[in-house]
Structure formats: C-alpha cells, structure tokens
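Student: Please work out how this folds:
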Amino acid sequence: MKIIKSEKIPIKMWLDKIEPDALKQAKNIANLRGAFHHIAIMPDAHVGYGMPIGGVLATRDIIVPNAVGVDIGCGMVAVKTSIQEINRPTLKQVLEKLRKTIPTGFNHHKQPQDWEGFSRAPDVPIIRQELKSARRQIGTLGGGNHFLEVLQEADDKKHNLKSNKNIWLMLHSGSRNFGLKVASAYHKKAVLYCQNKNIKIPDRELAFIEIKSKEGQEYWQAMNYCLEFAAANRRLMMERFMAIFQDIIGCEFINFNKEHDQEYPTPTLPFARRGSEGISVCIHHNYASEEEHFSEKVIVHRKGATSANAGQLGIVPGSMGTPSYIIEGLGNQESFMSSAHGAGRQMGRKEANRRLNEKQAEEAIKGVLFGRWHGKFDEAPQAYKDIEEVIDKQIDLARPIVKLKPKMVMIGN
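Tutor: The predicted structure follows:
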C-alpha cells in the first residue's frame, strides 16, 4: 500500500502506478469538504467522472452522486453448475439462444416484464418518470462492458487453488436507464445546491448534497431503488441464463435457489453467501451505504469497488479473454473493507478503438467463443489491466478462492 500525505486527508493506494488524471481526481476527493479519515484507491483504479473508478470515499453527512457513479447498482452474479465439461458446439447453442432471449445494447423487451418491486417505487419524480420504460428494460443486459459469460474452474498453483473443473455462469450489468437518469438529475441538483450555499468544491464533478436535505433524502431513496432494480435485473437475466443451460444441457446448480429472495442483495448492501458445497454470489459495485468505520457512522461511496467484509464473497472479473476470481474479503479497515471490482481499464474506449485491430483482438481471446467485434475493440483484453496483478496488489484486502477461465462471452453490443 502506498500513502500520499500531501492533501487534507491521506490517500491510500493499492497500486504502484496511477494515471495522472486519476491521481488528480483522488487528490480532489481528499480535499472535499466532508471527506472522512482517508481515501482508498483500489488496484483497478482509472479515471471516472469526478472520482476515480476504483475509489472508495467515506463522508460525514453528505452524498456525492458522482462518487456513486452513473450506473447505480452495477454489479455481478456468479453461479456454479454441476457439470465439469462443455463442448464448443453446445456453447454455440447457448450463445445463440442467449442472443434471442436477452436484449443487449439499447434494445429492450417488446413486452413489459413482471417484477413486484415496481409497485413500491418511491415517489421521486425521476423514478416515476422512468417507470414505464423500466418495465421493458428489466432483464436486459445493456451495453459497454456488460456481459454474460460461461467459465470453467481452473487450478492456480500461485494461490494454492484446486478445482473440480466445474462450469460457472457469470453476468455483469446494472440498473439500466434508471441509474443514469438518477445520477444525472441529482448531480445537477448537487451543483445548484453547492452554488446556492456558496460551497467551494475542488471540482464541479464532485458537487454534493447534505444527506438530511430534501434533495439528499430524495437521492438516497432513488439510489436505493436503483440498487434494488439492478439486483432484480441481474436476477431475471440469470434465471433465464440458467433455464437455457438446463434446456440444452440438463445440469443442476449448486447452492443456488432462485425461489429465495435472500439469495439476492438488499437495497443498500451487497450480498454474498458461502455454502458447504459451492458458491453463489451477487454483489453491487456502484453504491453508497451507511456504515461504521473508525468509530464513526459514515456514508461509504464505492465507485467501481465492492464490499469485502471478513468472510464476504465477491467477484473480480477479468477481461473477456482473461481469468476472473471469486474472492473472500478479509475485512481490512484501511480500505473501508473494500476490494477491486475488476481488471480496470488501461485504455480509454476511444484509445482502444484507435490502437487495436480485429487480428489483435481475436488473438487475445483465442479459444473463447465470441461473436463479432463490429469494428469496435474497446472491450478487447488489451484495453484492460492485468487481472493477476490486480489480485496480487490487493492480497491484504481479499483472498482468491476460485479461479475461472472464460469459455464463452456475450457482450452488450
């Protein structure tokens, strides 16, 4: 861990090198009024809006919309199956059926989908405004780095991991347009709030709202509803993913019972459960929650970071051509009990599309079943950091317990 002490509060970083703009953002949040104790920067950190993705900020009495992120509730699900082998023709059947079942990009379901949570939407204007379209968005993947993936357990001598070669299903997605609209609306309100009260902030993108204010309470309700919607969105997609697997392969799923609501996140906290024979994990990595750290109750913003309490399970995905890890948190107070959320970008999207070509991208995912690049290479493995280095850098935050190598990937394009 590297510590920077030049700012109002220290910055603790679990990486050796950080891009200059991300470091500037880390220093800005370290000088933000209301920032508490220190800033934690995870090993997958890179530039975001206002605050680095891969950053953890604890605050007293304020909420910073851009420290939560624009895809509120973005997160992961991983499910272990009972099978140890799957051939390429079968994977092609799975991929083909997935594409027909789960809309990607800007596509939505043609008909509204059922979710009992629609009936308890908070009376917040931006949520009410988006409810009609959200009924067709739930159960859709979205675009960017969202994905559905089939992986296989692998041995890892370095971390002393032994496997039975079981196949796993994994997906990454968020709250769809709900999160974006809420983030945008309340960032604007936060800017006005700071202007009206003559509050000086290091960067306009770090505008905040007092949590007890009317706007703060509205954002808190809307954010938590986005988390609930995001969890339900992942749940619906995973249920359909599992159904496709059962239909084509006839496998069982280990320690996963889709009929029990407690298998999924609560509105404010990520959930992870470890069973006696296998693991099911569902977590958020863009959210804020009320927690106690260093003997004070604070609001912890995790933007591209996951909770890593002692014994808590998490997922650190690699790129589409590199391994992912199931991890177990160590409850390290210095990171506000947090972990990295993935490999983290080392190239921006524009840079990746400019520098990479199809031959390079194909070589990087050799052996992994994938569709077409469509001339866009921003999700190619080269655009991301080395997942092994990320895991190694945070070995005092979480320990790897399962290594997973990709066999099939469907991204949100």
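Student: make it CA atoms for all contacts and neighbour counts henceforth
Tutor: OK.
Student: And for the helix or strand hosting Trp168, what's in contact with it?
Tutor: Using DSSP states H and E, Trp168 maps to strand 167-173. For strand 167-173, the surrounding residues in contact (C-alpha atoms under 8 Å, 6 or more residues apart in numbering) are 74-86, 141-142, 145-153, 230, 233-234, 238, 241-242, 404.
Student: For it, C-alpha coordinates in PDB please.
Tutor: What follows is strand 167-173, C-alpha atoms only, in PDB (Å, rounded to 0.1, in the frame of the first residue of the first chain):
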ATOM      1  CA  ILE A 167     -18.600 -24.800 -15.200                       C
ATOM      2  CA  TRP A 168     -19.900 -21.400 -13.900                       C
ATOM      3  CA  LEU A 169     -22.200 -18.800 -15.300                       C
ATOM      4  CA  MET A 170     -21.500 -15.100 -14.700                       C
ATOM      5  CA  LEU A 171     -23.000 -11.800 -15.700                       C
ATOM      6  CA  HIS A 172     -22.300  -8.100 -15.200                       C
ATOM      7  CA  SER A 173     -25.000  -5.500 -15.600                       C
END
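Student: Adjacent strands (with direction) for that strand?
Tutor: strand 75-80 (antiparallel), strand 147-154 (antiparallel) (DSSP bridges).
Student: Can you list the neighbours in contact with the last one?
Tutor: Outside of strand 147-154, the residues within contact range by C-alpha under 8 Å, 6+ apart are 84, 141, 161-173, 402-412.
Student: where are the low-confidence patches of this structure?
Tutor: For the chain, the stretches flagged by pLDDT under 70 are 255-280, 413.
Student: repeat that for 90
Tutor: 82, 105-106, 143-145, 164, 250-282, 311-313, 320-321, 348, 371-376, 412-413 (pLDDT under 90).
Student: Which strand in it has the most residues?
Tutor: Secondary structure assigned by DSSP state E gives strand 398-411 as the longest strand of the chain.
Student: starting at the chain centroid, how far to that strand?
Tutor: 14 Å (C-alpha atoms, centre = their mean, to the nearest Å).
Student: Now do it against strand 167-173: the angle between them, please.
Tutor: If you take axes from the mean of the first three to the mean of the last three C-alpha atoms, to 10 degrees, strand 398-411 sits at 80 degrees to strand 167-173.
Student: So for stretch 10-25, what gets flagged as buried?
Tutor: By 16 or more other C-alpha atoms under 10 Å, the buried positions in stretch 10-25 come out as 10-15, 18, 22-25.
Student: pretty sure Leu95 contacts Lys407?
Tutor: No: Leu95 lies out of contact with Lys407 (C-alpha atoms under 8 Å); the separation is 11.1 Å.
Student: still on that earlier bit, drop anything exposed from the contacts of strand 147-154.
Tutor: 141, 165-173, 402-412.
Student: Reformat the buried residues of stretch 10-25 into JSON lines and put secondary structure next to each item.
Tutor: Listed next are those as JSON lines, based on DSSP: H, G, I helix; E, B strand; the rest coil:
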{"residue": "Pro10", "secondary structure": "coil"}
{"residue": "Ile11", "secondary structure": "strand"}
{"residue": "Lys12", "secondary structure": "strand"}
{"residue": "Met13", "secondary structure": "strand"}
{"residue": "Trp14", "secondary structure": "coil"}
{"residue": "Leu15", "secondary structure": "coil"}
{"residue": "Ile18", "secondary structure": "coil"}
{"residue": "Ala22", "secondary structure": "helix"}
{"residue": "Leu23", "secondary structure": "helix"}
{"residue": "Lys24", "secondary structure": "helix"}
{"residue": "Gln25", "secondary structure": "helix"}
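Student: Just say helix, strand or coil for Glu205.
Tutor: Under the three-state scheme (three-state DSSP), Glu205 adopts helix.
Student: that older thread, if we compare the strands paired with strand 167-173, which one ends up closest to Glu328?
Tutor: Glu328 lies closest, by C-alpha to C-alpha, to one member of the strands paired with strand 167-173: strand 75-80, at 13.8 Å.
Student: No more questions from me, cheers.
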